[in-house]
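Chemist: Fold the following and give me the result.
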Amino acid sequence: MTHPARADVAAALCERHSELNLRIVMDPEPDQPPWVVRTFREGWRAADRLASHHLLLQDDVLLCEDFALHVDRVVRLMPHAAISLFADWSARNSATVRLAALTGASWAPVIGRFAPTQGMVLPTDVARSLVDYLSNGGAVPGEPEDITVLRFFRSCGIQPVIMVPNIIEHREMPSIAGNSDLGLRQSACFLDPLPRGHEWNKEVLRTPVVPYLRWDTGEAYCLEEKKAGEPWNFLEARTWLAQQGTTAEALLAPLLRDRHVSQLLNSMSPDIEPRLLQEISLVSHMTAMVAEELGSVSGGEFRARPKGWGPTGDQALDSLAPGTLRSFLDMSIIDQHRASLRSLAQRSAMLGSRTAWPTPA
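Modeler: Next up, the predicted model:
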């Protein structure tokens with residue numbers, strides 16, 4: 001799906017992936033004010049009625065190696081699912097992707113206000129229903145398509161899921177939809193190529209709480225499900241931790257005493273606010289603690305500890321700091337400290353995997 005102003009970008013994507021037989025769908029009213037829903041609707045309308053599933057890509061994406069193979073495998077595993085192939089590294093959905101990556105689950109539930117639409121696969125009958133919905137009053141003028149489609153899913157009782165790892169990446173280019181002010185929006189967990197022999201499973205992450213680092217404030221929060229099918233609630237991490245019988249300071253104390261963590265904090269603090277670095281460490285720590293409590297898909301402890309959680313888990317942790325800090329710092333500063341930020345998240349998570357929650361009194 002594209003706009004005439006970016007027809008060349010869409011054509012290049014089709015040329016790079018001739019094996020997919022991609023077809024280009026244009027905005028049917030390009031002279032009108034930008035509204036992605038118009039093109040989104042036409043993209044799903046193009047579904048072949050004889051096909052079981054339909055894939056819709058936005059023009060500004062990069063596909064992983066062996067993309068078609070991975071799509072085929074996951075559709076066979078989850079034939080009735082509404083599947084997003086991407087999650088923004090700073091949105092609420094990124095938090096479930098990271099938690100799923102640390103537990104080994106191949107699927108993260110959509111918990112935010114929108115379902116990622118950079119790349120999506122739907123059963124053809126669902127795609128046809130979506131077109132009817134968008135054509136008959138379901139679309140709110142001016143509303144982003146990712147919010148509209150999530151409302152559609154909820155009206156149908158469909159829980160959309162996100163592939164973990166992500167198999168597409170979002171390219172940096174000017175946004176026709178007016179999202180350029182949001183900054184760089186990359187994947188929470190894009191792997192290219194995926195490890196040889198990578199196996200997808202049917203495990204969908206199930207958790208009552210998800211630690212989350214807010215991209216707009218740089219503060220640690222938790223997301224809690226209050227009602228099935230509804231957006232998850234925000235709760236300050238310190239409030240949630242108090243309910244668990246502990247404090248952020250109690251969790252941070254051993255981290256700050258850890259020689260490796262303290263060295264990383266000291267080396268980056270001249271360029272990055274110490275408060276932000278501590279919140280990154282805290283959320284990484286809590287995410288691993290929750291993941292440890294949930295247990296891994298393989299059962300028992302994480303197999304790759306203490307070196308990490310394999311490529312998927314490591315990549316998910318790697319995106320945590322840049323996804324938040326890009327709201328506060330120039331990307332050149334973030335890239336300068338990229339290796340140290342990665343080490344901070346991974347070391348904090350490793351220590352979190354060894355930390356038990358307080359025993360209820």
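Chemist: Could you use CA atoms for every contact and neighbour count after this?
Modeler: Fine.
Chemist: just for the stretch 51-200 of the chain, where's the confidence low?
Modeler: When residues are selected by pLDDT under 70, those of the stretch 51-200 of the chain lie in 173-183.
Chemist: Strands of that one, residue ranges please.
Modeler: 53-57, 61-63, 83-84, 107-109, 119-123, 161-163, 168-170 (DSSP state E, counting those that start in this stretch).
Chemist: can you list the ones you listed in JSON lines and add mean neighbour count and distance to E225?
Modeler: Listed next are these as JSON lines, based on neighbours: other Cα atoms under 10 Å; distance: least, Cα to Cα, whole Å:
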{"stretch": "strand 53-57", "mean neighbour count": "21", "distance to E225": "29"}
{"stretch": "strand 61-63", "mean neighbour count": "19", "distance to E225": "31"}
{"stretch": "strand 83-84", "mean neighbour count": "28", "distance to E225": "20"}
{"stretch": "strand 107-109", "mean neighbour count": "25", "distance to E225": "11"}
{"stretch": "strand 119-123", "mean neighbour count": "22", "distance to E225": "24"}
{"stretch": "strand 161-163", "mean neighbour count": "26", "distance to E225": "15"}
{"stretch": "strand 168-170", "mean neighbour count": "24", "distance to E225": "27"}
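Chemist: do you know which of the ones you listed lies nearest L351?
Modeler: Smallest distance to L351 across these (Cα to Cα): 23.6 Å, for strand 107-109.
Chemist: about what we covered before: of the strands of the stretch 51-200 of the chain, which approaches P231 most closely?
Modeler: Short answer: strand 107-109, nearest of the strands of the stretch 51-200 of the chain by Cα to Cα, at 11.1 Å.
Chemist: hang on, the earlier thing: so can I have CSV of the strands of the stretch 51-200 of the chain showing distance to Q263?
Modeler: Compiled in CSV, the strands of the stretch 51-200 of the chain are given as follows (distance: least, Cα to Cα, whole Å):
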stretch, distance to Q263
strand 53-57, 43
strand 61-63, 36
strand 83-84, 38
strand 107-109, 34
strand 119-123, 40
strand 161-163, 35
strand 168-170, 32
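Chemist: closest one to L235 among these?
Modeler: Closest to L235 of the strands of the stretch 51-200 of the chain is strand 107-109 (Cα to Cα; 18.7 Å).
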